[in-house]
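J.: Model the following, please.
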Amino acid sequence: MDELQLIAERTGSMPLAESEALGSARARLMAEIAHAGTENAVPLKKRRRWVWTGAGAVGLAAAITAVVTLAPVDQVGLEPPAAVADPVTVLRNAATAALKSPAAPPRPDQFVYTKTKQPDGERESWRSADGTHDGLIKMADGGSIPLPGCRNGRAQVYKGGEPLDGVMEPCTPSPGHRADLPTDADAMFDYLNAGRGGHDGDFNAMGKDVLSLANESYLSPAVRAALYGAAAKVPGLRAVDHAQDAAGRPGVGITWPLGPHDDPKVAKPVVIVFAADTFLYLGTNSTAVTASGVVDAVGRRP
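T.: Take a look at the predicted model:
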C-alpha cells in the first residue's frame, strides 16, 4: 500500500489547523508511530528504514487526517479551498460519460419527455420526436402550452391555449430528436457559434443553446459528447467543486461566462452541474432535469 497516496486520499484539499490545536493530534500520531515500530521491531543492524504495511499505514493516515481536519475552515480563519476541478477536464469527462451511455433513439411518432425542477415548481414537456405531432408543456402553475406539430409546412394557431378554428401559420418542424447535429466537437462549436442564438462569438447566447439542447432534446451519445466537447472550447469557464442543481443534488459545476453587456455586480453566472462520480448531466443551479425518456403519447411518463 502506498501510504502517501492513502494520506492524499484521506486529506484531499482540507485546510490545516492552527498550531495550538495540533498538540493532542501530534501526540496521537507519535504514539501510533511508536506502537507500529514496536510491533514491527527488527534488530538494529538490520533496521535501515521504516516500512508501513497493513494496519500501520491505515493508522498513520488516520492520525494525519485527524491533524489536518482537526479544525473547521471558519475556525482557523482560512478561505475555503480553491476549486480543484478543471472546467475543461470536467466537460471532457462528461463527454466520455455521454459516449458510454446507451443509445435508444425514438421513433418519429414518439415523444421526448422531460421533467424539470425550477424555482417555481416542476415542469413537464412532451416534444414530438420528428416535430410533426402535437406536443405539450405542463407548467408549474398547472397551466399548459400547446406545441403544435408542423405538417406540410403549416401549424395550428392557438390563442389562450385553445386552437383557432381553421387558422394555420407557416412553420418549420422543431424535432425533439436532434439527429441533424454534428458528432464532432469542432463542428458542433461552429454550429453553436454560427449566430443561431446571437451574434458570432456571443458565448452567452451559445450557452443558452447548449442548455436548451441538453435539457429537453434527445441527443445520441455521440451528439451529446460533441456538445460537451464544444462547450469546453468556450473561454472564461470556471469550475465549482461543490455545486448543487435546482433539485439540491450535489455535483461539480461549470460556470458559464456572462454576456458582454452583463453587469457582474448584478448578473449571476449560470452553473452547469454534473454528477461528481459519473459526470452525467444533472442540470443547472436554476433548472434540474429530474426525469427524461421516450414515450408513445402526450401525458405518458417513462
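
J.: would you list every one of the strands in the stretch 201-302 of the chain?
T.: Assigned by DSSP state E, counting those that start in this stretch, the stretch 201-302 of the chain shows strands spanning 238-244, 250-255, 271-274, 281-284, 288-295.

J.: Which among those is found nearest to residue 217?
T.: strand 288-295 (9.8 Å; CB to CB). (Glycine included, C-beta is placed from N, CA and C.)

J.: show me the contacts for the nearest residue to residue 236 once chain neighbours are set aside.
T.: Nearest residue to residue 236, sequence neighbours excluded (CB to CB, 6 or more residues apart in numbering): residue 257, at 3.5 Å. Contact criterion CB atoms under 8 Å, 6 or more residues apart in numbering gives 203-204, 207, 234-237, 269 as the residues in contact with residue 257.

J.: re the thing from before, Serialize the strands of the stretch 201-302 of the chain to a markdown table and add fields for mean pLDDT and distance to residue 98.
T.: Formatted as a markdown table, the strands of the stretch 201-302 of the chain follow (pLDDT from 0 to 100; distance: least, CB to CB, whole Å):
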| stretch | mean pLDDT | distance to residue 98 |
| --- | --- | --- |
| strand 238-244 | 91 | 18 |
| strand 250-255 | 94 | 15 |
| strand 271-274 | 96 | 10 |
| strand 281-284 | 97 | 8 |
| strand 288-295 | 97 | 14 |
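
J.: Quick one, which of those gets closest to residue 102.
T.: Comparison of these against residue 102 by CB to CB identifies strand 288-295 as nearest, at 11.8 Å.

J.: by contact count, what packs against that closest one?
T.: With contacts taken as 3 or more CB pairs under 8 Å, 6 or more residues apart in numbering; DSSP states H and E, strand 288-295 sits against strand 111-118, strand 281-284.

J.: Contacts for that strand next, please.
T.: Strand 288-295 is contacted by residues 104, 106, 110-118, 122, 126, 129, 214-215, 218, 245-247, 249, 273, 281-283, 301-302 when judged by CB under 8 Å, 6+ apart.

J.: switch to 10 Å and redo it
T.: For strand 288-295, the external contacting residues (CB atoms under 10 Å, 6 or more residues apart in numbering) are 104-107, 110-118, 122, 124-126, 129, 176-177, 214-218, 244-249, 273, 280-283, 300-302.

J.: per-domain residue ranges of the chain.
T.: The chain breaks down into these domains under automatic domain parsing: 3-76, 87-145+174-295.

J.: Which of these has the lowest mean pLDDT?
T.: Across these, domain 3-76 has the smallest mean pLDDT, namely a mean of 39.

J.: Serialize the helices and strands packed on strand 288-295 to CSV and add fields for mean neighbour count and distance to residue 146.
T.: Shown next, in CSV, are the helices and strands packed on strand 288-295 (neighbours: other CB atoms under 10 Å; distance: least, CB to CB, whole Å):
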stretch, mean neighbour count, distance to residue 146
strand 111-118, 22, 13
strand 281-284, 24, 25
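
J.: Cheers, nothing more for now.
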